[in-house]
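In: Fold the following and give me the result.
(one chain, ligands or ions: 1)
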Amino acid sequence: MMTDFDDEIPTLIDSNETVDIPDDKKVPLTILTGYLGAGKSTLISHILTERHGHKIAVIVNEFGDTADIERRAVNVGEDEEYLELENGCLCCSIRDAGVAAIAKMMRRKGKFDYIILETTGLADPSGLAEMFWENELYIPDIYLDGVVCVADAKNVLKQMESDTRRSANECVRQIACADSIMVNKQDLVDEFTLTDVRDALKTINAGATVHLTSYGKLDLGQVIDLNAFNSVTKNDKAVKSIENITHGCDEAHNHSHLFGIQSIELSLPSLTNVQYADFDMWIRCVLWENTLPSVETVEIGEEMEILRTKGVINRDDGAVYILQGVRDMYEIKQAPNGPSINTKLVFIGKNTNQDLFQKSINNYLKLQ
Ligand SMILES: Nc1nc2c(ncn2[C@@H]2O[C@H](COP(=O)(O)OP(=O)(O)OP(=O)(O)O)[C@@H](O)[C@H]2O)c(=O)[nH]1
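Out: Below is the predicted model:
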């Protein structure tokens with residue numbers, strides 16, 4: 001089905017004219033990713049047909065992606081891009097999932113209170129996540145809630161192994177970018193394989209929660225309202241998710257370079273005001289200049305690439321801050337209730353070295 005969205009070029013809004021929309025009036029958007037055949041459409045079918053009481057607009061590339069939607073589409077006029085389903089959900093066929101397409105869809109706001117955007121099986125979602133996070137300025141009535149990845153329990157270990165060993169493939173990038181990972185098709189594997197899969201996923205992305213599913217059947221809360229990007233003020237959940245970060249087993253960690261991307265975790269004491277200001281400078285060097293300050297450049301070696309950053313930073317005056325990042329974009333916001341958890345930083349990316357990162361930040365902030 002063709003739409004006219006491709007022809008529409010988003011109009012940039014002068015930031016001075018941007019309307020400040022209260023957080024509770026914004027519509028959350030979840031990016032759904034996952035390798036070819038992992039079970040994305042099966043999950044969407046589940047969401048579009050179950051009686052869960054939510055009014056979710058699901059954006060798929062083509063109606064034909066989901067057999068169930070195709071069947072329902074029979075009664076819809078040829079030019080209709082929107083399909084209202086019995087359970088209150090709205091299905092939208094958008095070929096170009098760009099800002100203009102979403103902005104156009106927002107004219108139907110009120111008919112839905114949530115957006116799930118399914119990407120194609122070979123997409124790297126980090127660019128899309130960065131775009132929606134950044135474009136809250138241009139579509140002020142949505143915010144990026146999180147990235148959900150569906151992985152095929154039977155095939156994901158094979159799919160993650162890249163031919164070139166040091167370069168991560170699309171499957172690994174999708175896992176690296178996720179806030180929540182569904183290990184689907186668990187009916188096809190035994191417990192040992194599930195443990196291997198879980199360890200490998202945690203090695204790549206220690207910051208994501210992992211859920212086991214069959215035929216995409218899950219509690220919707222594992223997909224929506226993750227509040228992973230902390231764009232709104234209810235960010236206790238973001239602190240909790242960082243607190244719960246755990247790595248895969250050590251053995252899996254040793255094999256992390258098989259996948260090209262890994263998580264590293266740094267721990268820090270509470271920071272003084274001066275150290276907190278220096279931390280901002282340090283993170284800019286890492287994310288904007290791709291360098292580790294205060295360590296010998298010869299030690300750094302191959303070029304690194306950071307896909308996701310998450311963290312909690314404590315200041316010694318009791319203030320607690322949450323760090324979120326996608327590629328070179330990052331945001332540091334104060335947590336509302338100041339829950340006391342240790343300072344923890346997680347970097348997910350390529351050619352990262354935990355010891356060098358820790359040395360760099362210790363030297364830069366004069367921690368030891
Ligand atoms: N055994 C088993 N099969 C599943 C499960 N989930 C999905 N499938 C099957 O796997 C196949 C692929 O599922 P889809 O939902 O189309 O996967 P997809 O990620 O949308 O695939 P692409 O659109 O090609 O990227 C279908 O035949 C599904 O019926 C599951 O949990 N167990």
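In: quick one: contacts of the longest helix along the chain?
Out: Identified as the longest helix of the chain according to DSSP state H is helix 273-288. Among residues not part of helix 273-288, those counted as contacts by CB atoms under 8 Å, 6 or more residues apart in numbering are 271, 291-293, 306, 309, 313, 315, 317, 321, 323, 325, 327-330, 332, 347, 357, 360-361, 364-367. C-beta: built from backbone N, CA, C; applies to glycine.
In: Any stretches of the chain with poor pLDDT?
Out: 1-24, 61-85, 87-88, 93-101, 135-138, 162-168, 230-259, 297-302, 337-341, 368 (pLDDT under 70).
In: Report the secondary structure element holding residue 151.
Out: Residue 151 belongs to strand 142-152 when assigned by DSSP states H and E.
In: From the contact counts, what lies against that strand?
Out: strand 27-34, helix 125-134, helix 170-177, strand 180-184 (3 or more CB pairs under 8 Å, 6 or more residues apart in numbering; DSSP states H and E).
In: So for residue 200, which of these sits nearest?
Out: helix 170-177 (8.7 Å; CB to CB).
In: What is the neighbour count of the nearest residue to residue 130 once chain neighbours are set aside?
Out: Closest residue in space to residue 130, ignoring its immediate chain neighbours: residue 326 at 4.6 Å, by CB to CB, 6 or more residues apart in numbering. Burial measure for residue 326: 26 neighbouring residues, criterion other CB atoms under 10 Å.
In: Residue 49 too?
Out: 16.
In: want to throw the helices and strands packed on strand 142-152 into TSV with mean neighbour count and distance to residue 161?
Out: TSV is the format used below for the helices and strands packed on strand 142-152 (neighbours: other CB atoms under 10 Å; distance: least, CB to CB, whole Å):
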stretch	mean neighbour count	distance to residue 161
strand 27-34	25	17
helix 125-134	20	20
helix 170-177	27	9
strand 180-184	26	17
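In: Dump the ones you listed to a markdown table, plus distance to residue 213.
Out: Formatted as a markdown table, the helices and strands packed on strand 142-152 follow (distance: least, CB to CB, whole Å):
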| stretch | distance to residue 213 |
| --- | --- |
| strand 27-34 | 11 |
| helix 125-134 | 19 |
| helix 170-177 | 15 |
| strand 180-184 | 5 |
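In: will you turn those into JSON lines that also has distance to the ligand?
Out: Formatted as JSON lines, the helices and strands packed on strand 142-152 follow (distance: least, CB to the nearest ligand atom, whole Å):
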{"stretch": "strand 27-34", "distance to the ligand": "5"}
{"stretch": "helix 125-134", "distance to the ligand": "13"}
{"stretch": "helix 170-177", "distance to the ligand": "11"}
{"stretch": "strand 180-184", "distance to the ligand": "5"}
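In: Out of those, which gets nearest to residue 206?
Out: helix 170-177 (10.5 Å).
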